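# What shape does this take:
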Amino acid sequence: MSKAEPIKPDYTIPWTLETRYCHDGIPLSNGVFGALVWFQPGKIMLTINRADYWDHRGGTIWREDGTYDRLKTLLQGGDFEGARSLYPTMQLNGKEKRPTRLAMGRYDLQLKEGISIVSASLQLEEAEAVIRLRADEEEWVVRISVPMERNMLAVSCSGECLADLEAKPSYSFAQVKAYFDDFGIPAPQVDRTGWVQELPEDPACAVRAECSPSGLWISAEYGPDAEAAGKAAEARLSEVRESSYDKELMATKRHWRALWQQTADIFLSDREIETMYYLGLYRMLGNSMPGKLAPSLQGPWAEEYRNPPWSCDYHFNINVQECLWPAYGANLLDCLQPLFTMIDGWKPIIAENAKRFVGIDDGYMLGHSVDDRGRPVGGMWTGTIDQANTSWVAQMMWLYARYAGDEAYMINEVYPFMRKALNVFYAMMEREEDTYSLPVSVSPEYGGSSPDGLGRNSTFFLVNVHFLCEKLLELEERYRLDADYAAFAADIQTKLPPYTAGPRQYQEFGRKPGLELYLWEGQPLAECHRHHSHLAGIYPFDTVNLEDAVQAEVVKNAYKSWVDKGMGRWAGWSMPWASILHNRLGYPDMALLSLRLLREVFMMPSYATQHNGSYGGFTQFVGGETMQVEASIAASAAVLEMFVQCVRGTVRVFTGLSSRFKDAAFSGIRAEGAFLLSGRKENGAVQSVTVFSEGDAVLRLANPFGGAAELYRDGKTTEMSGNLLEVKLKAGETVEWRAAAEIREGVESR
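Numbering: from 1, shown residues only. Predicted structure coming up:
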């Protein structure tokens, strides 16, 4: 069961024809092969890529003396340049060489003279682009999709409307050619149907197109050399030569419809927010399709005219996480499996990282920016030593187990991973009798790679450690796994500060000085910063207890200073995280505004998001068309927060929804504890909440009715009241709360 009260969303997304470049186009993907469909007068452009298309050469070189002890000694001695030199990036032909995803290329479909493009749309439910053409009294429909089980693009046209097909490998664009020339990559072999690109150390890639009675097909395949790659691409085309578009896409459409059937639905009287939600989930599925590849900065939608920014790699200090945030609430948990599978394959590497860095045999350490083999790509060296990347993955694994109710995964996978992450943190601590500290820590990206980017006891590190300790102790209490290790975690929890605080920066007239969260000791949020890491204890780690007066005051002051510093140095991915933070702290109107600002400033007409703003005046990061997919996906998580929040074991419904929305509904939103919720709000009041439980579990629901509630269960009605509605549910059981009769009557009379 997934949806107790079905909501029928509109899965047709009209698309603009004013597409300046590829990322304005319609995205299509099967999780490996991707395409962007965009338009110019008389042309349909097809930018293609594969999410596994890499030049793996280069990256960070771990020197033998790049240990934590050596790093700490150099930093404490004031030798910052010596510390930075411990983690150099490979040089090739006199230039820094990083592993990078590669641009692939595009095909231009020239329409016959007199034919114009009338309209375009994305059919979300079946992941198909539909383009309508016209010439005089004649009309055509072009349909484009990516088969789920074949790494190729399929194009169907009802009638003969195409005049020419032009192949444009990425090498034909100046920025890509310059990269190839700098780093010894040969020019591709090009012919009318496509090209073959050989690489120095990676497999060759052949791209081929073929027009047949069944349609236009474009394949991209690998081989150890140009000849083998070409044969692989031809073989892929031969598989569909005698088939048809409809036949080949039948299973794909069925697959997508099944995904949408299980996905949580929302209703809101704001078409843009609804579109943002559904397109964000669509991009998450295309970037992390169950059974395919883990999500990266651009997924399978890298542009053709340059290699993608930031190598299109795996950034583990916010970006990968945002690419998967909606998977939990949207009931798409299988989207997390590609990431966990990839991490599982890296365990020998991240274990070796821990041994090399802190000298232990029972640890995991993951850098913040790595390629698909788990190797650091270079760049911001402070991220290489950011152990919170590891614990953040552990947090995602823990959330998965909690939302799925998967106890076996929690015990066998999550528990050992959390232990190994904590072991590395412990090895980095300085320990006195009653106090532990982390002398070298970071708050992601604050200060960049400069001496200002490191400090003692960063709140971000402390929050990560306390998350690990808290959850390890909860697991010990429930499953009795290792009493000695639990005592070890309890000792750390007791002796390590939960966060770092200092005198508040935002001063209010008539108020006594107080404390606020600091980035690290002596370092307040002195300037606007895009990474809200010092607030991570609110979300996503949920370690701060706002019912505690002391912690609530520190957080309140930090929130005011954060607001005071403004948004002038934020990036696109800053906005959905900010929306969730506003919402968790009780400002749903500001949460909504944050998403509207994301749409206005950082989103293209296609709802694809950029790192930089589209124009000046709001943020200092402006221009450059730096598409990154994570913000568009995380926006879906921020929308889900409007309907359902899971905060320290309590489920809250509709508390994050702006009061301007008098009517709203949702169906099939998943919550911690393996519950699926549906709810309805009318005339400004919550009318009902339905809960289906996948396992035997206790639900703690914050009372959303503003008074007494009626629980409908097993054909009986029970009146409940109080701020917390708590009930123990059995596996497979469905219950419903409704507003008490007097509340319903009051709403109906308005």
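
# give the contact list for the nearest residue to Arg660 once chain neighbours are set aside.
Distance criterion C-beta to C-beta, 6 or more residues apart in numbering; nearest residue to Arg660, sequence neighbours excluded, is Asp589 at 7.5 Å. For glycine as for every other residue, the C-beta is placed from the backbone atoms N, C-alpha and C. Contact partners of Asp589, counting by C-beta atoms under 8 Å, 6 or more residues apart in numbering, are 658-660.

# Shouldn't Asp589 be within a helix?
Yes: if the criterion is DSSP: H, G, I helix; E, B strand; the rest coil, then Asp589 is within a helix.

# Going forward, the N-terminal residue is numbered 23.
Okay, residue one is now 23; in that scheme the one you just asked about reads as Asp611.

# Tell me if I'm right that Ala57 and Met174 touch.
No: using C-beta atoms under 8 Å, Ala57 is not in contact with Met174, being 9.6 Å away.

# The two: who's more crowded?
Between Ala57 and Met174, counting by other C-beta atoms under 10 Å, Ala57 is the more crowded of the two (30 against 26).

# Now the more buried one: closest residue in space that isn't a chain neighbour?
Leu50 (4.6 Å).

# Please, which helix or strand holds the one you found?
Counting by DSSP states H and E, the element that carries Leu50 is strand 48-51.

# With only the CA atoms kept, save that strand in CSV.
C-alpha atoms of strand 48-51 as CSV (Å, rounded to 0.1, in the frame of the first residue of the first chain):
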residue,chain,number,x,y,z
ILE,A,48,13.7,18.6,-21.8
PRO,A,49,15.8,16.1,-19.8
LEU,A,50,15.5,12.3,-20.5
SER,A,51,17.4,9.5,-18.8
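
# if we can go back for a sec, can you select the buried ones from the contacts of Asp611 in PyMOL?
Per 16 or more other C-beta atoms under 10 Å, the buried members of the contacts of Asp611 correspond to this PyMOL selection:
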select buried, resi 680
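
# Could you report the neighbour count for Ala352?
27.

# so who does the nearest residue to Ala512 once chain neighbours are set aside touch?
Nearest non-adjacent residue to Ala512, counting by C-beta to C-beta, 6+ apart: Leu495, 6.1 Å away. Contact analysis of Leu495 by C-beta under 8 Å, 6+ apart lists 508, 511-512, 515.

# Give me the buried entries from those.
Applying 16+ other C-beta under 10 Å to the contacts of Leu495 flags 508, 511, 515 as buried.

# residues shared between the contacts of Ala57 and Met174?
Val168.

# Can you give me the distance of the residue nearest to Ala630 when sequence neighbours are not counted to Tyr336?
In space, and not counting its chain neighbours, Ala630 is closest to His45: 5.0 Å by C-beta to C-beta, 6+ apart. Using C-beta to C-beta, to the nearest Å, His45 is found at 20 Å from Tyr336.

# Asp383 now?
For Asp383 relative to Tyr336 (C-beta to C-beta), the value is 25 Å.

# Check Leu615 too.
31 Å.

# quick one: which of those two has more around it?
Tyr336 (25 against 16).

# What count of nearby residues applies to Leu620?
26.

# which residues touch it?
594, 597-598, 601, 631, 653, 657.

# Of all pairs in the residues you listed, which one is the farthest apart?
Greatest spatial distance in those: Ser601 and Thr631, 13.0 Å, computed using C-beta to C-beta.

# Taking the centroid of the protein, which residue is nearest it?
Averaging the C-alpha coordinates of the chain gives a centre point, and the residue nearest to it by C-alpha atoms, centre = their mean is Cys345 (1.1 Å).
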